[in-house]
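[1] no sequence on this one, just coordinates:
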């Protein structure tokens, strides 16, 4: 295990507790980001299927709208100038809402109609049915276009967020967590080594104390033996003095 695979930290009990707390936090963050990525991926696939379905339907509606435009022109004549002269403001408008998916804000576009029809009398002379059909078809086409734009925007937004989230998940899983685990293993190994050194040091101290105690006991035993021999010698001398007879003294 090289120093590049772990964090630069002094091995101690406090550092071990700190690294274990960071490891637990990294694992919790990885779990939450993984759930977020799964939820975003599920929504992403659902939007993708809706986009495919909407684009397929869009082709049919646009084809029908173009055909109804040809029918209206055939029945009514060229009414483009009449429509352009009567239009003062947009009747079909788009508003934006927001949707939240696992903490990601997605813009949602909504189609709505504001005001009355400015060209409601177009085709009153002839071809009124074809003009009404034309309005309905193109209104459906615009509504579908707005829905498709909303889906496309959400698709692009989710794609970017999923890439960022996956990069974070991979970074935590393959870089941060292994580095913290290596740091914890390094701290544990260093603390075990310090404990072994401390145990060896205490054992050597105890051995030295035993040797010193043994020497002291031996010295005490020698002194005690010398004292006992001295006492015996003194007793022997006293006994000899008592046993010795003095000569008679004549006065």
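    Nice, thanks for sending it over. What you are looking at is a predicted structure, and each value in this text was computed from that prediction instead of being measured.
[2] Show the model's pLDDT score for residue 176.
    At residue 176 the predicted local confidence, pLDDT, stands at 89.
[3] Can you pull the phi/psi pair for residue 6?
    Its backbone dihedrals place residue 6 at phi -140, psi 170, with angles given as degrees, to the nearest 10.
[4] Follow the chain on from the strand or helix carrying residue 167 and name the next helix or strand.
    Applying DSSP states H and E as the criterion places residue 167 in helix 128-171. Counting by DSSP H and E, the next helix or strand C-terminal to helix 128-171 is helix 177-243.
[5] how much space between the residue nearest to residue 103 when sequence neighbours are not counted and residue 30?
    The spatial neighbour of residue 103 that comes closest, neighbours along the chain excluded (Cβ to Cβ, 6 or more residues apart in numbering), is residue 36 at 6.7 Å. From N, CA and C alone the C-beta is placed, and that goes for glycine too. Separation of residue 36 from residue 30 (Cβ to Cβ, to the nearest Å) stands at 11 Å.
[6] Point out where the stretch 1-150 of the chain drops to low pLDDT.
    For the stretch 1-150 of the chain, the stretches flagged by pLDDT under 70 are 1-4, 75-87, 115-128.
[7] circling back: and the angle for the helix holding residue 167 with helix 177-243?
    With axes from the mean of the first three to the mean of the last three Cα atoms, to 10 degrees as the basis, helix 128-171 and helix 177-243 are set at 20 degrees to each other.
[8] Helix 128-171 packs against which elements?
    Counting by 3 or more Cβ pairs under 8 Å, 6 or more residues apart in numbering; DSSP states H and E, the packing neighbours recorded for helix 128-171 are helix 13-76, strand 92-101, strand 104-113.
[9] re earlier: could you pull up the residues touching the residue nearest to residue 103?
    Contacts of residue 36 were listed using Cβ atoms under 8 Å, 6 or more residues apart in numbering, and they are 102, 103, 165.
[10] Please tell me which one of these counts the most neighbours.
    Compared across the contacts of residue 36, residue 165 has the highest neighbour count, 22 neighbours, by other Cβ atoms under 10 Å.
[11] All set now, cheers.
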